[in-house]
Each structure stands twice: as structure tokens, then as C-alpha cells.
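Engineer: Quick one, fold the following:
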Amino acid sequence: MEEQKVAKPQFEANGDVRVPAFVLPVSPLLSEQAAAFQRMRATMPAFDAAGEGLDVIARREQINTFMAPQIERLRGMFPVNIDRTEIGGVEVLDVTPADGSHDPDRVLINLHGGAFTVGWDGVALVESIPLAVLAGYRVVSVNYRMAPEHKHPAGVEDVAAVYAELLKTNAPGRIGVYGGSAGGALTAQVAAWLPAHGLPQAGAVGIFGAGGVPFHAGESAWTAGYIDGSFPPPPADGSELEDITRGYFESVDERNDPSAWPGYHLETLATFPPTLIITGTRAMDLSPAIFTNSQLLKAGVRSTLIVGESMGHCYHYQVALPEGRDAVDQIIAFFRENLN
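Structural biologist: Below is the predicted model:
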């Protein structure tokens with residue numbers, strides 16, 4: 001019987017790697033539910049992650065429609081009160097357990113995902129409802145300004161305004177900030193912004209599905225593009241990467257502006273509070289998360305990195321999967337330990 005030859009990667013002189021086509025099997029380390037979800041993806045319709053061809057208003061409506069069934073399920077699982085109001089002149093959703101049992105002395109600020117262009121309020125509710133009930137916390141989700149109408153630092157300014165108002169009734173060490181995807185990146189920006197603008201640092205921050213550097217930084221944008229497929233890989237021909245933020249960081253000097261990407265600046269990271277970072281092995285944000293965690297440790301900050309096996313972008317949204325629930329449980333434990 002002729003021995004089957006296995007294709008091997010080819011290493012170019014400039015360090016590039018030509019990766020042969022291969023089949024990635026379902027990980028044996030997954031829960032039965034997550035493995036079933038991976039198999040089910042073969043029959044799921046593709047979702048346009050970039051919203052190609054849609055104007056931003058239509059895209060926002062599309063995202064909220066897509067999230068609506070999940071929000072309905074979550075509200076059935078986790079009964080909450082949702083108060084749409086303003087704090088510091090910024091629209092927020094004030095989410096608390098329906099039974100009124102939340103901790104009166106601690107509050108979480110949620111920053112929703114959505115590529116700095118969409119996500120209010122569908123993604124905001126998916127991120128806020130489970131934590132409010134499972135943690136027993138008040139969660140204030142912020143409708144920060146987004147592109148294409150606004151540019152950085154509009155979003156972080158809005159979060160700082162809400163934070164400053166909450167400081168009137170809450171100790172800074174008992175306020176936590178967290179977000180997923182764009183909201184995770186914005187959380188890193190908030191941690192950099194507060195002490196740089198005369199505000200006391202928050203008690204702890206959670207950067208989920210993101211890092212303190214751009215999403216395209218590092219090799220995970222490539223691997224996730226071909227393995228997970230939720231977001232396309234960078235163009236193979238070296239052409240300019242599509243800007244899914246619709247110009248939100250248009251005027252930012254990527255490497256030299258710590259208010260936008262603090263992961264490149266150790267002196268800025270040194271001002272961070274305890275930080276929890278969550279990503280997955282199939283997530284486009286894996287490289288930014290790993291790099292940011294390493295930089296925080298180098299800066300002397302207590303940082304914890306959780307990487308979900310075979311998990312994709314913001315897998316903590318999937319609280320019905322054991323892996324997603326495990327991530328949420330660790331988020332709760334982290335804030336309970338550090339908001340004191």
C-alpha cells in the first residue's frame with residue numbers, strides 16, 4: 001500500500017507561510033452542545049458580517065432583527081427590568097434583575113459590540129441581560145456615538161460622561177466596565193482615557209472579543225477568516241483592508257495614539273485596573289487579545305486571559321452552550337473579586 005504523502009507548509013524567505021488546504025476536525029475537547037453547533041453550521045444560512053451594500057440605518061435595523069429572537073430567549077431565561085433613560089446626558093439602558101435583588105453598591109457599565117457602527121440596542125441587551133441576573137448587578141449599557149456620523153474619540157467621551165455621573169453615587173473601585181467586540185476595544189480605550197483625563201480609574205475592566213490593538217493586527221485575522229469564516233481574512237493580494245468601522249478611526253495614528261490603541265503603550269497600560277480578556281482559538285481577535293494580555297503583564301497589571309477551545313468571536317454571548325456559560329461565570333467571578 002502506497003504511503004500517503006501529507007502536504008506541508010512552505011516557508012518563504014520573507015517569513016510568509018503558504019498553508020496547504022486541510023480539513024480541521026471538530027475538537028474532541030468541546031462539549032456535546034458546542035460540537036453539535038459546529039456540525040449545524042453546515043446547514044445555517046450565511047450572515048453578511050460586513051453588511052455589504054446596506055446603508056448604516058438599514059444595517060442597524062438588520063442587526064437588531066437578527067438579535068431579536070435571542071433577546072426574547074434571554075428575557076425568558078433571565079427576567080429583568082429595563083429602563084431606557086439618560087445618564088450624564090447620554091442615552092443608556094439601565095438593566096436590573098426583575099426581582100430587585102441586585103447589589104446596591106456596585107454597577108457594571110456595558111459597551112456593546114458592533115464594529116463602532118451598529119449594535120444599539122440589540123447587541124447591548126444580549127450583553128447585559130444575562131450578567132444583570134446571574135451576577136446580581138445593575139448593568140448600565142451606553143448608547144455611545146458611532147460611525148459614520150461620528151469618529152474617535154466620540155464613543156469614549158460618551159462613556160466617560162456616564163462614568164463621571166455614576167461617580168456621584170458610586171465609588172470608582174466598585175464600578176466595572178466591560179464590552180464585547182467593538183465594545184471590548186472601547187473598554188480598553190476607556191481604561192486608558194479615565195486617568196489621562198483626571199478621572200479615577202474603574203475597579204476592573206473586561207475586554208471580550210477584542211484587545212487594545214486593532215482587530216486586523218496579528219495573524220488571527222487570517223486564520224479565523226479561513227477557519228471560522230465569520231469575518232473575511234485580509235485581502236490576499238495585499239490590497240487595502242475593508243474598514244468595517246466606516247471611518248470611525250479615520251484620523252487616528254494607529255501606532256501612536258494611546259487613546260485609541262493603548263496596547264502599544266506600556267506607560268498607558270500601567271494605569272489599567274485588573275483586566276479580564278476573553279477570546280477563542282477560532283476568533284479573529286485572538287492575536288489582539290494575546291498581545292494585549294502580554295503587554296499588560298509586562299506593564300505590571302494583573303491581567304487574566306481566557307481562550308475558549310474552538311470558540312469564535314464573542315462566544316460568551318452563547319450562554320446556552322457550556323463554554324459560553326463558563327465564560328460568563330468567570331466574568332462574574334472576576335468582577336465580584338475586584339469590585340470592592
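Engineer: and Gly184, that's in a helix?
Structural biologist: Yes: counting by DSSP: H, G, I helix; E, B strand; the rest coil, Gly184 falls inside a helix.
Engineer: Pull the number of nearby residues for the closest residue to it other than its chain neighbours.
Structural biologist: Among residues not flanking Gly184 along the chain, Ala210 sits closest, at 3.0 Å (C-beta to C-beta, 6 or more residues apart in numbering). Yep, even glycine has a C-beta here, placed from its N, CA and C like the rest. Here the count is done by other C-beta atoms under 10 Å, and Ala210 has 30 residues near it.
Engineer: and Thr245, helix, strand or coil?
Structural biologist: Secondary structure for Thr245, judged by three-state DSSP, is coil.
Engineer: Select the longest helix from the chain.
Structural biologist: Longest helix of the chain, by residue count under DSSP state H: helix 56-77.
Engineer: Next, the buried residues of it.
Structural biologist: Using 16 or more other C-beta atoms under 10 Å as the burial criterion, the residues of helix 56-77 that qualify are 59-60, 62-64, 67, 70-71, 74.
Engineer: for the next helix or strand after it, packing partners?
Structural biologist: Read in the C-terminal direction, the helix or strand following helix 56-77 is strand 80-87, with elements assigned using DSSP states H and E. Strand 80-87 sits against strand 90-97, helix 122-131, helix 154-166, with contacts defined as 3 or more C-beta pairs under 8 Å, 6 or more residues apart in numbering; DSSP states H and E.
Engineer: just these: most buried one?
Structural biologist: When neighbours are counted by mean count of other C-beta atoms under 10 Å, the highest per-stretch mean among the helices and strands packed on strand 80-87 falls to helix 122-131, a mean of 25.
Engineer: ok, now which ones touch the residue nearest the centre of the chain?
Structural biologist: Note on the chain: the residue nearest the mean C-alpha position is Gly180, at 2.1 Å, using C-alpha atoms, centre = their mean. By C-beta atoms under 8 Å, 6 or more residues apart in numbering, the contact set of Gly180 is 112-113, 123, 127, 208-210, 314, 316-317.
Engineer: pLDDT added to those, as a markdown table?
Structural biologist: What follows is the contacts of Gly180, written out as a markdown table (pLDDT from 0 to 100):
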| residue | pLDDT |
| --- | --- |
| His112 | 98 |
| Gly113 | 97 |
| Val123 | 98 |
| Glu127 | 98 |
| Phe208 | 98 |
| Gly209 | 98 |
| Ala210 | 98 |
| Cys314 | 97 |
| His316 | 98 |
| Tyr317 | 97 |
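Engineer: returning to that earlier point: measure the residue nearest to the centre of the chain to Gly300 for me?
Structural biologist: 26 Å (C-beta to C-beta, to the nearest Å).
Engineer: For this protein, which residues score under the pLDDT cut-off?
Structural biologist: Across the chain, the ranges flagged by pLDDT under 70 are 1-4, 45-53.
Engineer: where along it do the helices fall?
Structural biologist: Going by DSSP H, the chain shows helices at 32-40, 56-77, 122-131, 154-166, 182-196, 220-227, 266-269, 286-298, 322-338.
Engineer: name the helices or strands packed onto the fourth one?
Structural biologist: Read it as helix 154-166. For helix 154-166, the elements it packs on are strand 80-87, strand 90-97, strand 107-111, strand 138-142, strand 175-180, helix 182-196, judged by 3+ C-beta pairs under 8 Å, 6+ apart.
Engineer: what about the nearest residue to Gly300 once chain neighbours are set aside, distance to Val205?
Structural biologist: Once its chain neighbours are removed from consideration, Gly300 has its nearest residue in Ala270; the separation is 6.0 Å (C-beta to C-beta, 6+ apart). The span separating Ala270 from Val205 equals 14 Å under the rule C-beta to C-beta.
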